[in-house]
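Q: Return a 3D structure for these sequence lines:
(one chain, ligands or ions: 2)
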Amino acid sequence: MRGSLFAALREAVGAAQVLTDGDLSAYELDWRRRWRGRALAVVRPASTAEVAAVVRACAAAGVAIVPQGGNTGLVGGGVPDASGTQVLLSLQRMNRVRAIDTANLTLTAEAGCVLQAVQAAAAEQGLLFPLSLAAEGSCTIGGNLSTNAGGTQVLRFGNARELCLGLEVVSADGEVWDGLSGLRKDNTGYDLRDLFIGSEGTLGIITAATLKLFPQPAARTTALAACATLADGVALLDLARARLGAALTGFEVMGRFALDLVARHFPALPRPLPGAPWTVLLEQSDTESEAAARARFEALLGAALEAGCITDAAVAESLAQSHAMWQLREAIPLAQAEEGPNVKHDIALPVSSIPAFVAATDAALQARFPGVRLVDFGHLGDGNLHYNVQAPEGVDAKRFLADEEHAVNKVVYDAVLAHQGSISAEHGIGALKRDELAARKAPVALKLMRAIKQALDPQGRMNPGRVL
Ligand code: FAD
Ligand code: ZN
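A: Ligands and ions are numbered 1, 2, ... in the order given. Okay, the predicted model is just below:
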């Protein structure tokens, strides 16, 4: 059986692209180094037809498939399990930009295109693809859509779902659905595109996508503001929305301890507002000029000082300073990885509930696990916090994770649901949150999701054990 599967895979993609031995950890070990699996084979198709042939070969052999893009996912969804029975299908060789239509403002890219390459291809035409996240140098469009990635521009442009007009998908039985429409309006029945987006490889394999582009802003400017409380941060958001309107493209928050970790692990990065309990990063995209954007920032921050919702602020004077401000924000997950394992939460809440949620949950965690350190940061503008819990100083981080993760999750997720939030804002469910989803999602919603899974993947071979 195995022999005939390997023969069919080699026939589909060429022997050199079917990897079965040597060091496969780039495919089998996830970015967080939490999940290390073993693949039956790593298969690297270079075209949609090759993907379809691989899927058909696996279907004939009854073998499960785990699709993988850049392997930067944070929920254990893109690496095989330890059984050694799953084929890892890497999309990395499918990395062509197929077309750019500047009049229609669309770009069609293959699933394995690295996000940064898509941004660059748009920029070459003087256009903007706004999806942006710290992993953009290695994550892929297929992975971004499969996880419905968020990032730092959601406030203005929405998440990956809102940036996608059409998809090309290989179904579980190896058929190709060409849905690469560049239409902004298309009400012809159920929305298959939206079904595959965010499905984390459990319904089919995305092989290409048609994406929305936007005009490049004339200038981008960044500012930092110090807030005494999170409620002040929310008040600043109110003020910024009112004064900047659609020019406000980023609104990130960083807790003091999160920035302390950055200082510890990346001491060369400048920290303009040291000691602030909360630091907010604001980004403005302007259709006029940098000077106009800076002037609007000065006026906004002056008003915020007067209103008492900030205690200090710094406006970037140059592109390099803007860059350095973003680097502070983007270094947080990297600094956390250096600090050691932690209990990660990627949660969404109504923005208005965030201050009360954080106050109540911090207190509940301290009562139960005295001394735990909270690495709070995230996309405050769209109500998405990365509310991570690090072991108390001096406590072995691995041990803490192994012993207390479940109990920490219970405290946090109970509070999230009590505040009408979501246990996954942008990273997805993967393997990490599958049981939490089963326990916490409404039974009717779970029943409908299982019916969809059954209809599209009746044999349960597409990324099994993930999401459902
Ligand atoms: P992978 O990790 O390879 O896969 C992710 C999931 O998608 C898996 O379940 C996989 O099976 C499935 N998949 C991948 N490609 C396909 C395909 N072509 N067809 C079907 N299924 C597929 N995420 C955010 O949303 N916002 C952030 O701000 C953010 N910041 C991050 C910062 C860092 C430093 C890191 C390491 C990660 C961050 N992430 C963030 C998480 C991650 O980068 C995103 O989830 C990204 O979208 C994953 O893309 P990928 O190509 O690496 O996918
Ligand atoms: Zn994020």
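
Q: And Leu89, how far from ligand 1?
A: Using CB to the nearest ligand atom, to the nearest Å, one gets 8 Å for the distance from Leu89 to ligand 1. Glycine gets a C-beta too; all of them are placed from N, C-alpha and C.

Q: what's the distance between that residue and Ala16?
A: 16 Å (CB to CB, to the nearest Å).

Q: Neighbour count: those two, which is higher?
A: For Leu89 versus Ala16, neighbours defined as other CB atoms under 10 Å are more numerous around Leu89 (27 against 8).

Q: Does that one touch Glu50 like I think?
A: No. If you go by CB atoms under 8 Å, Leu89 and Glu50 don't touch, sitting 10.0 Å apart.

Q: which residues are contacting the helix or strand hosting Pro67?
A: According to DSSP states H and E, Pro67 maps onto strand 65-68. Here strand 65-68 makes contact (CB atoms under 8 Å, 6 or more residues apart in numbering) with 27, 39, 54-55, 58, 78-80, 86-92, 142-143, 146, 201, 205-206, 461-463.

Q: now do 6 Å
A: Cys58, Gly78, Pro80, Gln86, Val87, Leu88, Leu89, Ser90, Gly201, Ile205, Asn463 (CB atoms under 6 Å, 6 or more residues apart in numbering).

Q: How many residues are close by the second one?
A: Residues near Gly78, counting by other CB under 10 Å, number 31.

Q: What sits closest to the residue in the chain positioned nearest to ligand 1 if chain neighbours are left out?
A: Closest residue of the chain to ligand 1, CB to the nearest ligand atom: Gly143 (2.1 Å). Among residues not flanking Gly143 along the chain, Gly69 sits closest, at 3.2 Å (CB to CB, 6 or more residues apart in numbering).

Q: Can you pull the residues of the stretch 1-150 of the chain lying near ligand 1?
A: 31, 66-74, 77-78, 91, 111, 133-135, 139-140, 142-144, 146-147, 149-150 (CB under 6 Å from any ligand atom).

Q: ok, the residue nearest the centre of the chain - contacts?
A: Nearest residue to the geometric centre of the chain (CA atoms, centre = their mean): Ala149, 3.8 Å. The neighbourhood of Ala149, defined by CB under 6 Å, 6+ apart, consists of Ala160.

Q: So what does it look like in phi/psi?
A: Ala149 adopts backbone torsions of phi -60, psi 150, taken as degrees, to the nearest 10.

Q: about what we covered before: going on from the strand holding Pro67, what's the next piece of helix or strand?
A: strand 86-90.

Q: hmm, who's touching that next one?
A: Against strand 86-90 from outside (CB under 6 Å, 6+ apart): 27, 39-44, 54, 58, 63-68, 80.

Q: Top of those by number of neighbours, please.
A: Busiest of those [other CB under 10 Å] is Gln68, holding 30 neighbours.

Q: which residue packs closest to it, ignoring adjacent ones?
A: Gln68 sits nearest to Gly78 (CB to CB, 6+ apart), 4.5 Å away.
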